[in-house]
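Colleague: My questions concern the predicted model and sequence given below.
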Amino acid sequence: MTALDALRSALESLRSSPLRSALTMLGIVIGVAAVIAMVAVGAGARDQVLRQIASLGSNLLLVGQGSVVRAGVKLGAGTASTLIEDDATAIMAEIPGVRVAAPSVRWGLQVVAGNQNWGTALFGLTPDYLDAREWTIVQGRGFSDDDVTQANKVVILGQTVVRNLFGGGNPVGETVRVFSTPLTVIGVLGEKGQNTQGQDQDDVIFVPISTAKRNIPGMAKANPRFVHTIVAKLDDGVDQAEAMRQIRELLRQRHRLASGQDDDFWMRNLSDVSATRDESSRALSFLLAAVAAVSLLVGGIGIMNIMLVSVTERTREIGLRLAIGARRRDILVQFLIESTALSLIGAAIGVLIGVATAALVAHLAGWPTLIQPNSILLAVVVSGLVGVFFGLYPARRAARLNPIDALRHE
Amino acid sequence: MASTVASAMASAMAPAEAPEVIAVDRLARSYRMGSQVVHALHGVTASVRRGEFVAVMGPSGSGKSTFMNLLGCLDRADGGSYRLDGVEVGGLSSDELAAVRNRKIGFVFQSFNLLPRQTAQANVELPMIYAGQRRTVRAERAVAALAAVGLDHRAHHRPTQLSGGQQQRVAIARALVNDPMILLADEPTGALDSATSLEIMALFQRLNRQGITIVLVTHEPEVARYAGRLLTFRDGHLVGDRRQTPEDAAADAATTGATLDEVVA
């Protein structure tokens, strides 16, 4: 008996009881659909996190202004003004593996352009900062060193600000006002979307750090050299924990902190936060995959059950086939092909339903989903194995029947 | 078809010179029923020559079914020897026995044993599938075999759309399609009314005249009349072996008013 004949005969037998075949497949259909949809949801979530991580820029450490303690009261982050531009220069010069250390100041304010206004965050920074955070300029230009040294009244706008002030038109060359200071728009930032905390990273305007300090009232009152944060970008492969330890040591030394004193700054590893989120979404997709695997197992048991019933029902057919020249192996193969065909057809239907479900979830719930070709391959292969594995016992039972008894079976 | 080769052996009427197809020597088979050993067959010795039409008779429990199962290679003897077409089958492996059943033996059963959801043609093709024949060859030979039993116009009907006699003729076509050495029929008329039984017996006689060797088990003397030789079993022993002049089933059918157009066509 050729494989093709065996397949044809198996399909004929499945077609002869369509309702039963369909119900038998149902477990596999649901299992495979679940695997594909779940993995798509999980992968979509992870992809989003990964894109957010990429949008931060890789290998970033953030050093921030600490809090002031006055009479035992801690006044919150940024109230101390001990972190200064020279700290950034020192980090870059003295800590090995630091490619860039860029200082920045941040101020919440209202931007006005013509008769439009928009509340946003202004960052005063240096050209290095744009590199460290991997910001791109999609229109116009970035800052030059002259812009910083001469405190030029120039500004680069984030996409959200452009949308709100200029309705999406090209703002390069236009003028915007902050605190009655006119700034010339020289560039527009590329879009970054939300960060891992769900904040809109495009709702920003950038000016040279010197311009910010000179033109924003109150900003440089305490210390003209102060900064809010320093972003340090490490070379690839540098041990981040070690770099953090060294930076901390350096800053404590520079700020003349005694050994018992708290830090007057804070430090954070930006990729850490995101990695945790990535970790949890990965755990979620493993959990979902486990649920799906269980339903595949249940589907397999369903197939075994029906195949056992089928073998009993078709005992006389098996007896006849043996009598007219089927070898035991032919009978075994016939029933194995039937169970495998059941599970593979179920898997094919499951793939379609799974893909459709993922699309539906993306459409209705607005969750990002990403169909993983690997998950389809895996689900189909596993289904095939389930069919063979759970079909083996019934098929062996069929193949071991005694032809004389089988022919007499009622 | 079998008939073309075998009709050259029209010595069917004079089988004494024809070669032995079946030769059993002290063939024995016993079963264990709990702690008891039941001897179903006590050393039976007999032979069947090419072209014979042999009826095997005996009451139930006489050992005739056991004998038939052994002849059909569905069961293994535990004593004696059985040579089919000159080959000792006792030493064959399970796969080799399957090949023997496939190529050398054609089975006809009391309850037809057709696959209910397959067409007549597909049923007839089944033994050729296990013989590894190509599809086109299968279809061609199945149609020819159906024509030989007068059912080529029913090739695409399912068993449920056929009468009992027609179903048994499909089963006979299936038995013949691989050109077997012998046709083994186990109570082939047991499920049929007497007129239809006559039709089937007439078909067997016609096939036998064309040269096919037939061994038929029955408990009905009316059926056994149409065979040229009668083996009688009792209590596991072969107790009678006599030749007889067969009645003409086609003539009997004509007198009882059965229409035989299809059969003798």
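Modeller: Received, thanks. Owing to the predicted nature of the structure, the values given are computational and were not obtained by experimental measurement.

Colleague: Check which helix or strand the residue in the stretch 51-200 of chain A that chain B sits nearest to maps to.
Modeller: The minimum distance from the stretch 51-200 of chain A to chain B, using Cβ to the nearest Cβ, falls at residue A:51 (55.3 Å). (Glycine included, C-beta is placed from N, CA and C.) Residue A:51 belongs to helix A:18-56 when assigned by DSSP states H and E.

Colleague: taking the mean pLDDT, what do you get for that helix?
Modeller: On average, the pLDDT along helix A:18-56 is 83.

Colleague: what does chain B put close to chain A?
Modeller: Selection of chain B residues close to chain A by Cβ under 8 Å from any Cβ of the partner chain yields B:69, B:72, B:74-75, B:94-95, B:98-99, B:101-103, B:107, B:109, B:113, B:115, B:117-118, B:126-127, B:129-132, B:174, B:178.

Colleague: all strands of the chain, in order?
Modeller: By default, I'm working from chain A. Applying DSSP state E to chain A gives strands spanning A:60-65, A:69-70, A:73-74, A:98-113, A:116-125, A:137-140, A:154-157, A:175-178, A:181-189, A:204-208, A:229-234, A:265-269.

Colleague: nope, chain B please
Modeller: According to DSSP E, the strands that chain B contains are B:20-33, B:36-49, B:53-57, B:79-84, B:87-88, B:105-108, B:182-186, B:213-217, B:229-234, B:237-243.

Colleague: what does stretch B:157-173 rub up against?
Modeller: Residues from elsewhere that reach stretch B:157-173, judged by Cβ atoms under 8 Å, 6 or more residues apart in numbering or on different chains: B:106, B:108-109, B:112-120, B:123-124, B:142, B:145-146, B:148-151, B:154, B:183, B:188-189, B:191-193, B:196, B:199-200, B:203-204, B:207.

Colleague: Please, a PyMOL command that selects the buried ones among those residues?
Modeller: Command for PyMOL that selects the buried part of the contacts of stretch B:157-173, burial taken from 16 or more other Cβ atoms under 10 Å in any protein chain shown:
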select buried, chain B and resi 106+108+109+112+113+114+115+117+118+119+120+123+124+142+145+146+148+149+150+151+154+183+188+189+191+192+196+199+200+203+204+207
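
Colleague: Might you report the residue contacts of residue 82?
Modeller: Just going to use chain A. Counted by Cβ under 8 Å, 6+ apart, residue A:82 has contacts A:65, A:66, A:226, A:255, A:264, A:265.

Colleague: Can you look at chain B instead?
Modeller: Contacts of residue B:82 by Cβ under 8 Å, 6+ apart are B:22, B:23, B:24, B:25, B:27, B:70, B:71, B:88, B:89, B:90.

Colleague: hmm, 6 Å instead?
Modeller: B:24, B:27, B:89 (Cβ atoms under 6 Å, 6 or more residues apart in numbering or on different chains).

Colleague: Pull the number of nearby residues for residue 29.
Modeller: If you meant another chain, say so; for now it's chain A. 25 (other Cβ atoms under 10 Å in any protein chain shown).

Colleague: Can you look at chain B instead?
Modeller: 23.

Colleague: got it, and residue B:36?
Modeller: Quick note: residue B:36 (other Cβ under 10 Å) scores 8 neighbours.

Colleague: domain ranges for chain A?
Modeller: Using automatic domain parsing, the domain ranges for chain A come out as A:3-52+A:276-408, A:81-263.

Colleague: Deepest in the core, which of these is it.
Modeller: Highest mean neighbour count of the domains of chain A: domain A:3-52+A:276-408, a mean of 19 (counted as mean count of other Cβ atoms under 10 Å in any protein chain shown).

Colleague: So what would you say the end-to-end distance of that one is?
Modeller: 29 Å (Cα to Cα, to the nearest Å).

Colleague: Residue A:321 and residue B:115: what is the separation?
Modeller: According to Cβ to Cβ, to the nearest Å, residue A:321 stands 9 Å off from residue B:115.

Colleague: Can you tell me the closest non-neighbouring residue to residue A:200?
Modeller: residue A:160 (5.6 Å; Cβ to Cβ, 6 or more residues apart in numbering or on different chains).

Colleague: Residue ranges in the stretch 151-265 of chain B under the pLDDT threshold?
Modeller: Counting by pLDDT under 70, the stretch 151-265 of chain B has low-confidence residues at B:257-265.

Colleague: Contacts only, for the residue of it found nearest chain A.
Modeller: Going by Cβ to the nearest Cβ, chain A is nearest to residue B:174 of the stretch 151-265 of chain B, at 7.1 Å. Residues in contact with residue B:174 (Cβ under 6 Å, 6+ apart) are B:123, B:124.

Colleague: By residue count, what's the longest helix in chain A?
Modeller: helix A:270-313 (DSSP state H).

Colleague: Kindly provide the distance from the one residue in the stretch 1-150 of chain B that gets nearest to chain A to residue B:207.
Modeller: Using Cβ to the nearest Cβ, residue B:102 is the residue of the stretch 1-150 of chain B that sits closest to chain A, at 2.3 Å. Going from residue B:102 to residue B:207 by Cβ to Cβ gives 19 Å.

Colleague: Bridging across strands, which residues link to the residue nearest to residue B:208 when sequence neighbours are not counted?
Modeller: Spatial nearest neighbour of residue B:208, excluding adjacent residues (Cβ to Cβ, 6+ apart): residue B:53 at 4.4 Å. Residue B:53 has these beta-bridge partners by DSSP bridges: residue B:214.

Colleague: burial measure for residue B:53, as a count.
Modeller: For residue B:53, using other Cβ under 10 Å, the count is 23.

Colleague: contacting residues for it?
Modeller: B:208, B:214, B:227, B:228.

Colleague: Throw those residues into CSV and include neighbour count, thanks.
Modeller: Formatted as CSV, the contacts of residue B:53 follow (neighbours: other Cβ atoms under 10 Å in any protein chain shown):
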residue, neighbour count
B:208, 24
B:214, 24
B:227, 26
B:228, 19
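
Colleague: out of those, who's nearest residue A:30?
Modeller: residue B:214 (55.3 Å; Cβ to Cβ).

Colleague: and the gap between the closest residue to residue A:382 other than its chain neighbours and chain B?
Modeller: Spatial nearest neighbour of residue A:382, chain neighbours left out: residue A:296 (6.1 Å); criterion: Cβ to Cβ, 6+ apart. Note on residue A:296: its distance to chain B, by Cβ to the nearest Cβ, to the nearest Å, is 30 Å.

Colleague: Repeat that for residue A:299.
Modeller: 26 Å.

Colleague: Please consider this matter closed, and thank you.
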